[in-house]
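K.L.:
The following block contains a protein sequence and its predicted model.
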Amino acid sequence: MSGHSKFANIKHKKEKNDAAKGKIFTVIGREIAVAVKEGGADPANNSRLRDVIAKAKANNMPSDTIARGIKKAAGDAASVNYEYATYEGYGPSGTAIIVNTLTDNRNRTASNVRNAFSKGQGNVGTQGCVSFMFDEKGQIIIDKEDFEMDADDLMMLALDAGAEDFSEEEDSFEIITDPGDFSAVREALEAEGIEMAQAEVTMIPQTWTSLTDEDDIKKMTRILDLLDEDDDVQNVYHNWDE
């Protein structure tokens, strides 16, 4: 499992930074709206909404904010017109980048994404041009500082619930699942009162690309920063070995 640990740490830090800036609440709010429109406002009957709620809690979104978001989405279901769009492309030295968006204006989003790539001297490619270099997996991160159970017990709980792999890092535990088993594993952990720092289906690189040229690093950082500032962008996955 050591091949995934770098990604876990990068994503974990990024999620915390996003939460501090507030953008992650906007991101999750849109996901709640879409989940409610597609499956209803009752989490008990809407597994996708349950997963989004878990993601919200992992990012410290207050329960009343989550409840307001669900209520608002239920009342405005007819007006919710967000749609998913994915863009793939290349950064400096052939780094692979996948951008997931949720937008009410595809033209605006496409323009913003292309602008972010071009300002970092990257380019948006065709659908599928880099996604084959990633594996779609459920990923759950648990901070050691928020955890009291024995590591072996956690591992057995996760594997018994259907997890593919378990690893222990310096400051966290990482659980990897098949996307189809993610909800069951997450709910098994939740039932035991285990707090999760991250819980979502994500894209994990099969290999990593190192950038040694300072100019390339600045260009890659520019692309990622611009994408991060765009409210239409839900997730950015890349194989840059930071």
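P.N.:
The structure has been received and is ready for your questions. As the structure is a prediction and not an experimental result, all values here were calculated from the model. Numbers count the residues shown, from 1 in each chain.
K.L.:
Run a quick neighbour tally on A73.
P.N.:
22 (other CB atoms under 10 Å). Just so you know, the C-beta spots here come from the backbone N, C-alpha and C atoms, and that holds for glycine as well.
K.L.:
got the contact list for it?
P.N.:
A73 sits next to I32, A33, A35, V36, K37, A41, V80 when contact means CB atoms under 8 Å, 6 or more residues apart in numbering.
K.L.:
host element of the fifth one?
P.N.:
This means K37. For K37, the element it lies in under DSSP states H and E is helix 23-39.
K.L.:
So which bits of that helix are buried?
P.N.:
23-25, 27-37 (16 or more other CB atoms under 10 Å).
K.L.:
Which pair of the contacts of A73 spans the longest distance?
P.N.:
A41 and V80 (12.0 Å; CB to CB).
K.L.:
Off-centre distance for the helix holding K37?
P.N.:
Centre-to-centre, helix 23-39 and its host chain are 13 Å apart (CA atoms, centre = their mean, to the nearest Å).
K.L.:
elements contacting that helix?
P.N.:
helix 2-21, helix 47-58, helix 63-75, strand 96-103, strand 233-238 (3 or more CB pairs under 8 Å, 6 or more residues apart in numbering; DSSP states H and E).
K.L.:
which residues of the chain score low on pLDDT?
P.N.:
1-21, 77-80 (pLDDT under 70).
K.L.:
Tell me, domain by domain, which residues of it belong where.
P.N.:
Split into domains by automatic domain parsing, the chain comes to 2-79, 83-132+206-238, 133-205.
K.L.:
ok, back up a step: could I have the helix holding K37 exported to CSV, CA atoms only?
P.N.:
The C-alpha coordinates for helix 23-39 follow below in CSV (Å, rounded to 0.1, in the frame of the first residue of the first chain):
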residue,chain,number,x,y,z
LYS,A,23,-14.1,26.7,-0.7
ILE,A,24,-14.7,23.2,0.3
PHE,A,25,-18.0,24.2,1.8
THR,A,26,-19.1,25.6,-1.6
VAL,A,27,-17.9,22.4,-3.3
ILE,A,28,-19.8,20.1,-0.8
GLY,A,29,-22.9,22.4,-1.0
ARG,A,30,-23.2,21.7,-4.7
GLU,A,31,-22.7,18.0,-4.2
ILE,A,32,-25.5,18.0,-1.6
ALA,A,33,-27.8,19.8,-4.0
VAL,A,34,-27.2,17.3,-6.8
ALA,A,35,-27.4,14.3,-4.5
VAL,A,36,-30.8,15.5,-3.1
LYS,A,37,-32.2,16.2,-6.6
GLU,A,38,-31.2,12.8,-7.8
GLY,A,39,-32.1,10.7,-4.8
